[in-house]
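[1] Coordinates for the following, if possible.
(one chain, ligands or ions: 2)
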Amino acid sequence: MSSAKDIVPRMDGFSRTVSNSLSLSTSPTFTFHSPPSSFGGPKISSTKQLKPFDTKDIKVLLLENVNQTGQDILREQGYQVEFLKSSLPEDQLIEKIRDVHVIGIRSKTKLTERVLREAKNLIVIGCFCIGTNQVDLQYAARQGIAVFNSPFSNSRSVAELVIGEIIALARQLGDRSNELHNGTWNKVSKGCWEIRGKTLGIIGYGHIGSQLSVLAEAMGMSVIYYDVVNLMALGTARQVATLGDLLAGADFVTLHVPESPETKNMIGAKQLEQMKEGSYLINASRGSVVDIPALINAMKGGKIAGAALDVYPNEPAGNGFYFSNELNSWTEELRKLKNIILTPHIGGSTEEAQSAIGVEVSHALVRYVNEGATLGAVNMPEVNLRSLTLDEPNHVRVIYIHRNVPGVLGRVNAILGNHNVDKQMTDSRGEVAYLMADISDVKEAEIKDLWQSLEELSSRIRTRVLY
Ligand SMILES: NC(=O)C1=CN([C@@H]2O[C@H](COP(=O)(O)OP(=O)(O)OC[C@H]3O[C@@H](n4cnc5c(N)ncnc54)[C@H](O)[C@@H]3O)[C@@H](O)[C@H]2O)C=CC1
Ligand SMILES: O=C(O)CCC(=O)C(=O)O
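    Ligands and ions are numbered 1, 2, ... in the order given. A predicted model of the protein is given here:
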């Protein structure tokens, strides 16, 4: 949307000057108020809904089969939504991202600095999932691109999957089922166990780990957990001091940590060696967390009696791809192992989770595009102001994302100070600061100058003006 636009006077009372040189994402003309008729969500009669002037100008790219609930919310706004079922190879992603203001992804699409550098119009990224490791969050913030996710809408789904896997591994269900599918009746009890009285070791006691802890105890398991943070134990669970303590004490070890340099290959040959003889490993966090060749060796040697993997270092872009050595060199060997459950990253894939995520993330995107609110953003300070009301017709909301350096507020307020600043909030996070101000008595003709003056400040990352 960097193409030039002409001055477009309209007859419907919302006529606005559309810039002939400014990119849509930053132009004041991009973010004009229009009537609330198509705006979704509950309305308070006196609340003035801020939104872009012409919502059909807002282009949204949704990748990786984002749930219908999310698509509907964005389409109801009048945004132009392009929906694709899978992720895109980097070159195609770069082509598409150049044009859009909003992108929605799940865990596969890598929004690296290289990709984001090309995303000249992008103002916001929605991760329709928990993990945000696939996005270069710092770079995005430095470009004034906010990132939102859904921090716990699929936690329960992951926890339930893990509970199912614990029982399935303890009873070798995958193998028995495969055998019978192939016509072989193989009734055995050797190496099959109840889970009652066994110890579950949870690595990462956050939203998922703690939920799992409650479910596991309800089934008669003892729970120990290891986390880098000191966390309150639920039920009778017990935090242990070191990873080694957890590995030595658990019959089942399950991973619920984010992808980070610290968690890369957190479970390798040495850690597998520290685990109990005949114990089980479950990984539904990120593929980089377990050294899979080391796991293959430990399973071949009988040290590990079973494993369940939902995530892999390299995952296919979408459904229908063959799970072979082309993706990860050890795939064929992994597939041949006994008592291993391999699932295609479905931890959060339930109707409940996907529909809730669709709603949560899309609402966050709409609030950001239309009102500039950053509540829940994972890479920006959280800033919000109470809504403008219909009794405030000549009010304008200014959003100024800037480098967090001394002296900026004075310079910004010198510009805003020509008007009445009704309310203002500013906060910073690392190198980036976010200022939101509602100013009154602004004439339509003054808006562009206001925007231009803010844009010209050397600290500027991005300026938006909404009314
Ligand atoms: N398989 C799937 O479909 C899904 C996978 N996930 C993955 O699960 C991860 C965990 O999710 P949540 O529980 O919601 O995250 P969370 O942020 O609520 O909890 C993560 C916990 O890990 C701890 N942690 C971080 N680094 C650690 C380290 N080096 N050692 C020990 N503990 C460490 C944190 O202190 C925190 O308590 C996500 O980051 C995501 O990658 C999340 C949802 C679905
Ligand atoms: O459902 C997905 O696509 C990703 C789930 C996941 O890994 C997450 O929420 O972090």
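[2] from here on, contacts and neighbour counts on C-alpha atoms
    Will do.
[3] now what about the lengthiest helix in the chain, what contacts it?
    Of all the segments of type helix in the chain, defined by DSSP state H, the longest one is helix 351-371. Residues from elsewhere that reach helix 351-371, judged by Cα atoms under 8 Å, 6 or more residues apart in numbering: 31, 49-52, 66-71, 73-74, 77, 102, 123-129, 148-150, 153-154, 157, 348, 373-376, 466.
[4] Sort out for me which of these are in helices.
    Those of the contacts of helix 351-371 lying in helices (DSSP H): 68-71, 73-74, 157.
[5] Report pLDDT for the nearest residue to residue 120 once chain neighbours are set aside.
    Leaving aside its sequence neighbours, residue 120 sits nearest to residue 98 (Cα to Cα, 6 or more residues apart in numbering; 5.9 Å). Per-residue confidence at residue 98 stands at 96 (pLDDT).
[6] Now do the contacts for residue 122.
    Contact partners of residue 122, counting by Cα under 8 Å, 6+ apart, are 25, 97-103, 145.
[7] Just the buried residues from the ones in helices among the contacts of helix 351-371, in PyMOL please.
    PyMOL command restricting the ones in helices among the contacts of helix 351-371 to the buried ones, with burial defined by 16 or more other Cα atoms under 10 Å:
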select buried, resi 69+70+71+73+74+157
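[8] so can I have JSON lines of the ones in helices among the contacts of helix 351-371 showing distance to ligand 1 and pLDDT?
    Below are these laid out as JSON lines (distance: Cα to the nearest ligand atom, whole Å; pLDDT from 0 to 100):
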{"residue": "68", "distance to ligand 1": "18", "pLDDT": "98"}
{"residue": "69", "distance to ligand 1": "19", "pLDDT": "98"}
{"residue": "70", "distance to ligand 1": "18", "pLDDT": "98"}
{"residue": "71", "distance to ligand 1": "20", "pLDDT": "98"}
{"residue": "73", "distance to ligand 1": "23", "pLDDT": "98"}
{"residue": "74", "distance to ligand 1": "23", "pLDDT": "98"}
{"residue": "157", "distance to ligand 1": "8", "pLDDT": "98"}
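[9] Could I get the pLDDT score of residue 295?
    98.
[10] before we move on, back to that, so which of the contacts of helix 351-371 sit within strands?
    The members of the contacts of helix 351-371 that map onto strands under DSSP state E are 102, 124-127, 148, 466.
[11] could I get the residues you listed as JSON lines with distance to ligand 1 and neighbour count?
    Converted to JSON lines, those look like this (distance: Cα to the nearest ligand atom, whole Å; neighbours: other Cα atoms under 10 Å):
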{"residue": "102", "distance to ligand 1": "22", "neighbour count": "26"}
{"residue": "124", "distance to ligand 1": "20", "neighbour count": "25"}
{"residue": "125", "distance to ligand 1": "17", "neighbour count": "25"}
{"residue": "126", "distance to ligand 1": "15", "neighbour count": "24"}
{"residue": "127", "distance to ligand 1": "11", "neighbour count": "27"}
{"residue": "148", "distance to ligand 1": "14", "neighbour count": "27"}
{"residue": "466", "distance to ligand 1": "33", "neighbour count": "25"}
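[12] Of the residues you listed, which is the nearest to residue 250?
    Lowest distance from residue 250 to the ones in strands among the contacts of helix 351-371 (Cα to Cα) belongs to residue 127, with 33.4 Å.
[13] what residues are up against that closest one?
    Contacts of residue 127 (Cα under 8 Å, 6+ apart): 104-107, 147-150, 361.
[14] Can you tell me the closest non-neighbouring residue to it?
    Residue 127 sits nearest to residue 149 (Cα to Cα, 6+ apart), 4.6 Å away.
[15] ok, so what distance separates the one you found from ligand 2?
    The spacing between residue 149 and ligand 2, counted by Cα to the nearest ligand atom, to the nearest Å, is 9 Å.
[16] Also residue 169?
    Residue 169 is 22 Å from ligand 2, by Cα to the nearest ligand atom.
[17] low-scoring pLDDT stretches of the stretch 301-450 of the chain, where are they?
    Applying pLDDT under 70 to the stretch 301-450 of the chain flags no residue at all.
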